[in-house]
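Q: Give me coordinates for this.
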Amino acid sequence: MPHGPHRLHGSTWSTTTAAVPRLLSLHGGGAATDHRRMDYLLQPLASQGWAGAAFDCVGHGATGGSLLGSSLADRQAQAQAVAAHVGLRPAHPPLALMASSMGGHTACQLLDTLQPRALVLFCPAAYTPAAEHQPFGPAFQQALRATTDFVSAPAWSALGRYRGRLLLVWGTEDAVIPPAVIQGYGQAAVAARSVEVVKLPGVGHALHTWMQAQPAAAQALRQRIASLLTAAERD
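A: You can find the predicted model right below:
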């Protein structure tokens, strides 16, 4: 689908071609990442009846283009455009948002608009308002270096209003996201119906890569997410 000068590319996972996705997945900000990182979760979940959708942000995967000039705010606009394109809107909200790293920030920014019943965050990153509109590149990195705390993080403010179910998944050896940031996400969800935390000892930031090499761990995670989605459907 078109987005400014770019065409956003993605995938859907479903047992029926006409199904509106119930899950929307957002990938992280690493230059080498793309929307296929969560195939190992989205495909099995789709076979259980939870159709999913994901896309490559500008500067990633099949969408291509340059990261420079894009921003956190632009990623939010991209995600909103894709959600509308696949039929997700306040009148027909997704059951869940699933997001990794930088995508966790974006997912939280969409909570008020899309109102999912469940939110699954993998090693979510936090940013301050000063970073929101800074173009990726030197200006964005400077804003990150100037950050001393995340008390004003927009993601945490949005999460404080969220009344659905939250699942946080993170690795204890994550060298990118400080433990205090992960803990901050859990503490911010003061109105959430439930908050669950899956802590993976010895796992770093690339937890999806690790999961795909650990079938038993991946199966346990899929079961945990399926239980969350089942509970969210009953809410």
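Q: Convert the C-alpha atoms of stretch 4-23 to PDB, please.
A: The C-alpha trace of stretch 4-23 is given here as PDB (Å, rounded to 0.1, in the frame of the first residue of the first chain):
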ATOM      1  CA  GLY A   4       4.000   9.100   0.900                       C
ATOM      2  CA  PRO A   5       6.800   8.300  -1.700                       C
ATOM      3  CA  HIS A   6       7.000   4.700  -0.500                       C
ATOM      4  CA  ARG A   7       5.000   1.500  -0.900                       C
ATOM      5  CA  LEU A   8       4.600  -0.500   2.300                       C
ATOM      6  CA  HIS A   9       5.000  -4.200   1.900                       C
ATOM      7  CA  GLY A  10       3.800  -6.900   4.400                       C
ATOM      8  CA  SER A  11       2.100 -10.200   4.900                       C
ATOM      9  CA  THR A  12      -1.100 -11.600   6.300                       C
ATOM     10  CA  TRP A  13      -1.600 -15.000   8.000                       C
ATOM     11  CA  SER A  14      -5.000 -16.500   7.900                       C
ATOM     12  CA  THR A  15      -7.000 -19.700   7.300                       C
ATOM     13  CA  THR A  16      -9.500 -17.700   5.100                       C
ATOM     14  CA  THR A  17      -8.600 -15.100   2.500                       C
ATOM     15  CA  ALA A  18     -11.300 -12.700   3.500                       C
ATOM     16  CA  ALA A  19     -10.500 -12.600   7.200                       C
ATOM     17  CA  VAL A  20      -9.800  -9.200   8.800                       C
ATOM     18  CA  PRO A  21      -6.600  -9.600  10.900                       C
ATOM     19  CA  ARG A  22      -7.100 -10.000  14.600                       C
ATOM     20  CA  LEU A  23      -3.400  -9.500  15.400                       C
END
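Q: Pick out the residue nearest the middle of the chain.
A: Ala99 (1.4 Å; C-alpha atoms, centre = their mean).
Q: in its sheet, what does whichever strand or helix holds that residue sit against?
A: Take DSSP states H and E as the rule and Ala99 turns out to sit in strand 96-100. Looking at strand 96-100 with DSSP bridges, its partner strands are strand 23-26 (parallel), strand 118-122 (parallel).
Q: Would you mark the buried spots in the following helix or strand past the first one?
A: To tie it back to what came earlier, the one meant is strand 23-26. Using DSSP H and E, the helix or strand that follows strand 23-26 towards the C-terminus is helix 39-47. Within helix 39-47, the residues scored as buried using 16 or more other C-beta atoms under 10 Å are Asp39, Tyr40, Leu41, Leu42, Pro44, Leu45, Ala46. The C-beta positions use only the backbone N, C-alpha and C, and glycine is treated the same way.
Q: Can you tell me which of these lies closest to Ala125?
A: Using C-beta to C-beta, Leu41 comes nearest to Ala125 of the buried residues of helix 39-47, at 19.2 Å.
Q: Quick one: residues contacting the nearest residue to that closest one once chain neighbours are set aside.
A: Nearest residue to Leu41 in three dimensions, chain neighbours excluded: Arg222, at 6.1 Å (C-beta to C-beta, 6 or more residues apart in numbering). Arg222 is in contact with Leu41, Pro44, Leu45, counting by C-beta atoms under 8 Å, 6 or more residues apart in numbering.
Q: Now do the contacts for the first one.
A: Which is Leu41. Met98, Ala218, Leu221, Arg222, Ile225.
Q: now the last one
A: For Leu45, the contacting residues are Trp13, Leu23, Gly52, Arg222, Ile225, Ala226, Leu229, taking C-beta under 8 Å, 6+ apart as the criterion.
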